[in-house]
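Asker: I'll drop the sequence and a predicted model, then ask my questions.
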Amino acid sequence: MLKETEMLYSWTWIPGDKERLLSTGRYQPIHLWDTNTGTVIDSYKCYDQVDEVTSAYSITQVDNQSFLVGLKNEITMFRYDRPGRENQCIAKSNRNELGKIGIVSCLDYSPESGLLAAGSYNKTVNIFNLDGKYLVYSLTGHSGGVTQVKFSSDGYRLYTGARKDNQLFAWDTRNMNTHLFTFHREVATNQRIEFDLIVEEHQQLLFSGGTDGVIRVWDTLIGDIVGGYMLHPDSIPGCSLHPSRPLLATTSGQRHPDQVISMDEEEIITENSLKVWDFAKRLY
C-alpha cells in the first residue's frame, strides 16, 4: 500500500515499468514511487507565480523519460532524471487572457499523433501539438467541468467526459469541428466518473461507470450501446480494464449528505468497494 498524506488528484504507471508509478495530490509535490517497497524514489515540485509550492491536478506520460502535469492555467513537463523544481513550460495563459487554460483537471498524450489533450474545469478541452507547443483546437460542448480525456490507441479518436454532464463525446482528431458520437450515461454529481477503452477483434469498446451504479458499454465504431449492467447499488466512479485479459475493475461510493428518511421514502443504499469482474462470457 502506498500512503500519501493528503487526497490524491491523479496517478499513473510509468510506461513499460510495473514497479514504479507517479502520484500527485493536494498540498504535496509529485511523487515517484517504488511499488515493491512502498517508498518515494524522487519528488518533483511545482511553483506558482509567487514562488510558492503548488499542487499539480493531473499527470500523463510522454515516454519513459518525461511526463506532463496540469496546473492552474499552465502545463509543464518534467524529466524523471531531474527531480526537484526544474521543468519546461508547455502552455500557459495569463489572468486576463481570453481562452484561458483554467484548472487542468485531466491530461492525455497520444504518441501516434503527437497531440496533447488538456481538459479543464472551465468546460473546455484544449488540444496542443506537443513538439511545436502550440494550440491546435479548443473543444467545447460539455455542460460541466471536464474530468477525463482519453485518446484511442491509434490516436485518431479522442473521448471526453465531464462532471454533472450525462454526455460522453467522441471526437475525430483529423476533423474536430464537431464531435463524432455522443454516448449517454448518468452523471448527477461532481464526482469524476471514469471510462476506459478496449479493442476486441471486430469491436472497439468504451466502458463507463455512472452515478446510478450502472456500467454501460458502447461499440465506438458505430456509436451504439451494446450492454448495460447494474453492478453496484451506489455510484461507480472507478472503471478500469485490464490491458490484455477480459477483466474489469470497478470502485463504488460517493458522499451522501445526512438525511432524515421518512416512513414513505426508500432507504439510501451506500457502498464503498472495489470489485473485479470477468466479462468474457457476459458481455456483447
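Answerer: Good, I have the coordinates.
Asker: tell me where the stretch 151-284 of the chain has helices.
Answerer: Taking DSSP state H, counting those that start in this stretch as the criterion, the stretch 151-284 of the chain carries no helices.
Asker: just the strands in it please.
Answerer: Assigned strands in the stretch 151-284 of the chain, in chain order: 157-162, 167-172, 181-184, 195-199, 204-208, 214-219, 224-230, 238-241, 247-252, 273-278 (criterion: DSSP state E, counting those that start in this stretch).
Asker: and of those, who's closest to Pro83?
Answerer: strand 238-241 (27.9 Å; CB to CB). To be clear about C-beta, it is placed using only N, CA and C from the backbone, and glycine gets the same treatment.
Asker: circling back to that earlier point, packed most tightly, which of the strands of the stretch 151-284 of the chain would that be?
Answerer: strand 157-162 (a mean of 25; mean count of other CB atoms under 10 Å).
Asker: okay, the angle between that one and strand 195-199?
Answerer: 160 degrees (axes from the mean of the first three to the mean of the last three CA atoms, to 10 degrees).
Asker: show me what strand 157-162 is packed up against.
Answerer: Applying 3 or more CB pairs under 8 Å, 6 or more residues apart in numbering; DSSP states H and E, one finds that strand 157-162 contacts strand 115-120, strand 125-129, strand 146-151, strand 167-172, strand 195-199.
Asker: wait, which of the strands of the stretch 151-284 of the chain is closest to Ala118?
Answerer: Here strand 157-162 is closest among the strands of the stretch 151-284 of the chain (CB to CB), at 10.8 Å.
Asker: what does that closest one rub up against?
Answerer: By CB atoms under 8 Å, 6 or more residues apart in numbering, the list of residues contacting strand 157-162 from outside reads 108, 115, 117, 119, 123, 125, 127, 139, 142-152, 167-173, 176, 180, 185, 187, 193, 195, 197, 206, 208, 220.
Asker: right, I'll leave it there.
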